[in-house]
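Participant: Here is my input, please return the structure:
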Amino acid sequence: MNSTRRGYAGHSPLEDVLSRLVSGDALLSVDRHLLFEEYQRMRQENIELREQVTQEQQHKLTDELTQTWNRRYLEQHLARLGQQSMRPQYRGDSWIVVIDGDGVKQVNDTAGHLEGDRAIRLIATYLQELMRPNDPVFRFGGDEFILTYIQVPEINGRLSRLVEGFLPYVAREETAAMRALTLSIGATSILPGENPQSALKRADDAMYVAKKKRNTWHIA
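Facilitator: Down below sits the predicted model:
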């Protein structure tokens, strides 16, 4: 239900104030300065309300532990990629990358779940720092994360940097279990006209191929 208050002739209060401001006869009985202040106050209220709605929506789409995007937003993102893959000009150059943190279970077992959570946040922070600001990072669940690359013809170099860059990143950690963390990565491109969920399954399977060796990547 629309809760916006309505003013004269169905206008919102903000529209009412604005129309009075530009109405010469209204200014005979209303102080221009006070009316302008009211307009500014209501305009600010509208801005704050829009910001609040945006923050609430973002909160619903954000993973609480890692502050990456959650699976709900991943579903929306994949749906948009599916629409793009249906376009005639699409060249199969969008990629889904599944990343698993090797050794997080060992951290849990030896140091407890709080340290295990820190290991997951460490992986998330590494991915967020490595990706461009507008490239989303999703937590798929547990210690698995999803990346997507759009309009990237070749992905081998990017996957290599993801794997190799993580080793010096965790080398500064104090505990041996944290320093032993590595990444296993699976990737695949979304085929023209393909449902991205099928590509996600293929990338996930590729990740498990890489996980047999650990600290590597595999493209399906």
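Participant: residues touching the spatially most central residue of the chain, list them.
Facilitator: A centroid search over the chain (CA atoms, centre = their mean) returns W69, at 3.7 Å, as the residue closest to the centre. By CB atoms under 8 Å, 6 or more residues apart in numbering, W69 lies in contact with 61-63, 77, 136-139. Every residue, glycine included, has its C-beta placed from N, CA and C.
Participant: Where neighbours are concerned, which of those has the most?
Facilitator: The most crowded member of these, judged by other CB atoms under 10 Å, is F138 (27 neighbours).
Participant: ok, it touching N70?
Facilitator: Yes: the pair F138 and N70 qualifies as a contact (CB atoms under 8 Å) at a distance of 7.1 Å.
Participant: and the nearest residue to P136 once chain neighbours are set aside, bridged to which residues?
Facilitator: In space, P136 comes closest to W69 once its chain neighbours are excluded; the distance is 5.3 Å by CB to CB, 6 or more residues apart in numbering. Applying DSSP bridges to W69 yields these beta-bridge partners: T62, F138.
Participant: so how far is P153 from W69?
Facilitator: For W69, the distance to P153 equals 25 Å [CB to CB, to the nearest Å].
Participant: least trustworthy helix or strand in the protein by mean pLDDT?
Facilitator: helix 13-21 (a mean of 53; mean pLDDT, DSSP states H and E).
Participant: in which helix or strand would I find G157?
Facilitator: In this assignment (DSSP states H and E), G157 forms part of helix 156-170.
Participant: Need the contact partners of that helix.
Facilitator: 97, 99, 122-123, 126-127, 130, 149, 152, 178-183, 185, 187, 215-217, 219.
Participant: Which ones among these lie within helices?
Facilitator: In this view, these that belong to helices under DSSP state H are 122-123, 126-127, 130, 178-179.
Participant: For this structure, give me the ranges with low pLDDT.
Facilitator: 1-53 (pLDDT under 70).
Participant: repeat that with 90
Facilitator: Within the chain, the segments meeting pLDDT under 90 span 1-62, 91, 110-111, 131-135, 150-153, 174-175.
Participant: ok, R87 to R80 distance?
Facilitator: Per CB to CB, R87 is found 12 Å from R80.
Participant: oh sorry, the question was meant for W95
Facilitator: To R80, W95 is 15 Å away according to CB to CB.
Participant: which residues does the nearest residue to A111 once chain neighbours are set aside contact?
Facilitator: Nearest residue to A111 in three dimensions, chain neighbours excluded: A177, at 6.0 Å (CB to CB, 6+ apart). Residues near A177 by CB under 8 Å, 6+ apart: 103, 106-107, 110-111, 115.
Participant: Narrow the residues you listed to just the buried residues.
Facilitator: Buried by 16 or more other CB atoms under 10 Å: 103, 106-107, out of these.
Participant: want to throw the residues you listed into a markdown table with secondary structure?
Facilitator: Formatted as a markdown table, those follow (DSSP: H, G, I helix; E, B strand; the rest coil):
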| residue | secondary structure |
| --- | --- |
| G103 | coil |
| Q106 | helix |
| V107 | helix |
